[in-house]
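> Sequence below, structure please.
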Amino acid sequence: MPLVHERFVSAEQLGAALRRRRRELGYTQQTAADLCNHSVRVISEIERGRPTAGIGVILDYALTLGVDMELSVRGRSS
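Residues are numbered from 1 along each chain as shown. I've put the predicted structure just below:
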(Lines give C-alpha, C1' and ligand atoms only; values in the text may rest on other atoms or scores of the structure.)
Protein backbone atom coordinates (compact mmCIF):
# COMPACT_ATOMS: atom_id res chain seq x y z
CA MET A 1 0.00 0.00 0.00
CA PRO A 2 1.52 3.39 -0.97
CA LEU A 3 2.51 5.77 1.78
CA VAL A 4 0.09 8.72 1.70
CA HIS A 5 -0.95 9.79 5.18
CA GLU A 6 -0.29 7.77 8.30
CA ARG A 7 -0.12 8.21 12.06
CA PHE A 8 2.72 6.62 14.02
CA VAL A 9 2.98 5.81 17.69
CA SER A 10 6.27 3.93 17.58
CA ALA A 11 9.67 4.10 15.95
CA GLU A 12 8.99 0.66 14.45
CA GLN A 13 5.89 1.93 12.64
CA LEU A 14 7.71 4.99 11.32
CA GLY A 15 10.64 2.87 10.18
CA ALA A 16 8.36 0.39 8.41
CA ALA A 17 6.60 3.24 6.59
CA LEU A 18 9.91 4.74 5.45
CA ARG A 19 11.00 1.29 4.24
CA ARG A 20 7.78 1.00 2.22
CA ARG A 21 8.39 4.43 0.70
CA ARG A 22 11.98 3.53 -0.20
CA ARG A 23 10.75 0.41 -1.93
CA GLU A 24 7.99 2.38 -3.73
CA LEU A 25 10.77 4.53 -5.18
CA GLY A 26 12.72 1.43 -6.22
CA TYR A 27 15.72 2.34 -4.07
CA THR A 28 17.99 -0.13 -2.37
CA GLN A 29 19.22 0.75 1.10
CA GLN A 30 22.58 1.55 -0.51
CA THR A 31 21.01 3.97 -2.98
CA ALA A 32 19.02 5.68 -0.23
CA ALA A 33 22.11 5.90 1.98
CA ASP A 34 24.11 7.47 -0.85
CA LEU A 35 21.36 10.01 -1.56
CA CYS A 36 21.10 11.22 2.04
CA ASN A 37 24.82 10.87 2.89
CA HIS A 38 24.32 8.35 5.67
CA SER A 39 25.49 4.76 5.97
CA VAL A 40 23.51 1.67 5.05
CA ARG A 41 23.75 0.67 8.72
CA VAL A 42 21.96 3.89 9.74
CA ILE A 43 19.25 3.39 7.10
CA SER A 44 18.75 -0.18 8.30
CA GLU A 45 18.48 0.98 11.92
CA ILE A 46 15.88 3.62 11.02
CA GLU A 47 13.82 1.11 9.06
CA ARG A 48 13.92 -1.36 11.97
CA GLY A 49 12.84 1.32 14.44
CA ARG A 50 16.08 1.22 16.42
CA PRO A 51 16.48 3.99 19.01
CA THR A 52 20.08 4.67 17.94
CA ALA A 53 19.14 6.96 15.04
CA GLY A 54 18.92 10.66 15.88
CA ILE A 55 15.93 12.76 14.90
CA GLY A 56 18.02 14.84 12.49
CA VAL A 57 19.14 11.74 10.63
CA ILE A 58 15.57 10.42 10.47
CA LEU A 59 14.40 13.78 9.08
CA ASP A 60 17.21 13.73 6.47
CA TYR A 61 16.12 10.26 5.40
CA ALA A 62 12.43 11.17 5.24
CA LEU A 63 13.16 14.27 3.15
CA THR A 64 15.34 12.21 0.81
CA LEU A 65 12.36 9.92 0.27
CA GLY A 66 10.03 12.88 -0.35
CA VAL A 67 8.20 12.40 2.95
CA ASP A 68 7.14 15.44 5.01
CA MET A 69 6.93 15.02 8.76
CA GLU A 70 4.09 16.76 10.56
CA LEU A 71 3.21 17.12 14.24
CA SER A 72 -0.26 17.41 15.65
CA VAL A 73 -1.74 17.41 19.12
CA ARG A 74 -3.78 14.27 19.80
CA GLY A 75 -7.50 14.85 19.97
CA ARG A 76 -7.41 18.11 18.02
CA SER A 77 -8.31 18.43 14.39
CA SER A 78 -6.21 20.61 12.15
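
> where does this protein have low pLDDT?
Within the chain, the ranges that satisfy pLDDT under 70 run 1-4, 76-78.

> Which residue would you name as the spatial centre of it?
By CA atoms, centre = their mean, the chain has its centre lying nearest to Leu18, at 3.5 Å.

> ok, longest helix in this structure?
Secondary structure assigned by DSSP state H gives helix 11-24 as the longest helix of the chain.

> Give the other helices and strands that the following helix or strand past that helix contacts.
Later in the chain than helix 11-24, the nearest helix or strand by DSSP states H and E is helix 29-36. Secondary-structure packing of helix 29-36 (3 or more CB pairs under 8 Å, 6 or more residues apart in numbering; DSSP states H and E): helix 40-47, helix 55-64. In this view, the C-beta of every residue, glycine as well, is placed from N, C-alpha and C.

> of all those, which lies closest to Thr28?
For Thr28, the closest of the helices and strands packed on helix 29-36 is helix 40-47, at 8.7 Å, according to CB to CB.

> so what secondary structure elements neighbour that closest one?
helix 11-24, helix 29-36, helix 55-64.

> Any chance of the ones you listed in CSV with distance to Val73 as columns?
Listed next are those as CSV, based on distance: least, CB to CB, whole Å:
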stretch, distance to Val73
helix 11-24, 18
helix 29-36, 29
helix 55-64, 18
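
> So for Glu47, which of those helices sits nearest?
Closest to Glu47 of the helices and strands packed on helix 40-47 is helix 11-24 (CB to CB; 4.2 Å).

> Just give me how far the closest one sits from the chain centre.
5 Å (CA atoms, centre = their mean, to the nearest Å).

> Which of the residues in it are classified as buried?
For helix 11-24, the neighbour count (16 or more other CB atoms under 10 Å) marks Ala11, Leu14, Gly15, Ala16, Ala17, Leu18, Arg19, Arg20, Arg21, Arg22 as buried.

> which residues does the last one contact?
Right, the one you point to is Arg22. Going by CB atoms under 8 Å, 6 or more residues apart in numbering, Arg22 touches Gln29, Ala32, Ile43, Glu47, Leu65.
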